[in-house]
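> I would like the atomic coordinates for the input below:
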Amino acid sequence: MLSNQLRTELADQLDAAERSRIPVGPLTAAHPDIDVVDAYEIALINIRRRLQHGAKVVGHKVGLSSLAMQQMMGVDEPDYGHLLADMEVFEDQPVDTARFCYPRVEVEVAFVLGADLPGADCTEQDVVDATVAYAPSIELIDSRIKDWKIGLADTIADNASSAGFVLGTDRVRPSDIDIKAIDAVLTRNGELIAEGRSDAVLGNPVTAVAWLAQKVDSFGVRLRAGDIVLPGSCTRAIDARPGDHFRAEFSGLGTVSLQFK
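Predicted structure coming up:
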């Protein structure tokens, strides 16, 4: 494990990279002994700093929630990051690609919590009971690590490579849809570019949210009523370029769009 001083120094590097849009080299290359606990603590250093400056946590995201991504990264569980209020983007406001290093989009079924979730003993039924609605969502991801050359600890330390999110206007109650059978189609500038289904996320996105509630509890974090939870992508990540217009359609759940300038 790394010293607290080194964790802080690495947090400083990632913070500077996000502010300057000048990415840094992989932390795992410079510090091969960095582990998952180090990485989460590095991420939390930067989250606490932002909270001290007025930011507000509005939810969490799960990454590496597909079997293919876990195999690629050589891991057997997902990872997580925080969603802050200033990370929300909107369908009617084009996003400036210059704000990011390497922006990409992912298609997700968002959970909107209406009650707090338990921590270490959270079950899938707890998640269903606490969820007031599902919503169509696009997550904007980015890496402050040069050229997306990331190991597991790199993406965790970098707030799970999260950068923004947008929710569509539709809301569907869990009792009104099969969360494991939502088909998703993503178009870019009117051209079909990715397809997927909600059960690509650990077989059931509810499983990802229950895992998240259990995982964050070990770091003193809880999922609260009103939180937005992004459980993982139904499709592969797609690069975002200036002028791109993305539209995601979800069977039985509605649509969401995101524009870039």
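
> C-alpha only now, for contacts and for neighbours.
OK.

> which phi and psi does the closest residue to residue 181 other than its chain neighbours have?
In space, and not counting its chain neighbours, residue 181 is closest to residue 198: 6.0 Å by C-alpha to C-alpha, 6 or more residues apart in numbering. The phi/psi pair for residue 198 (degrees, to the nearest 10) reads phi -60, psi -30.

> tell me the contacts of residue 198?
Contacts for residue 198 were tallied using C-alpha atoms under 8 Å, 6 or more residues apart in numbering; they are 108-109, 179-184, 204-205, 233-234.

> how much space between it and residue 23?
Residue 198 sits 32 Å away from residue 23, taking C-alpha to C-alpha, to the nearest Å as the criterion.

> just residue 174 next, same as before
40 Å.

> How about residue 14?
Taking C-alpha to C-alpha, one finds residue 14 at 8 Å from residue 23.

> Likewise for residue 110?
29 Å.

> Quick check: residue 34 touching residue 3?
No - between residue 34 and residue 3 there is no contact under C-alpha atoms under 8 Å: 10.1 Å.

> More neighbours: these two, which one.
Legend: neighbour count by other C-alpha atoms under 10 Å for residue 34 and residue 3, higher for residue 34 (18 against 9).

> Please settle this for me: is that one part of a helix?
No - using DSSP: H, G, I helix; E, B strand; the rest coil, the assignment for residue 34 is coil, not a helix.

> Which residues are in contact with each of residue 14 and residue 23?
Joint contacts of residue 14 and residue 23 (C-alpha under 8 Å, 6+ apart) are residue 144.

> neighbour count winner among the two?
residue 14 (27 against 22).

> Quick check: phi and psi on that one?
Torsion angles, degrees, to the nearest 10, at residue 14: phi -70, psi -40.

> Does it touch residue 24 like I think?
Yes - contact criterion C-alpha under 8 Å: residue 14 and residue 24 qualify, at 7.3 Å.

> tell me the contacts of residue 239?
Here residue 239 is in contact with 102-105 (criterion: C-alpha under 8 Å, 6+ apart).
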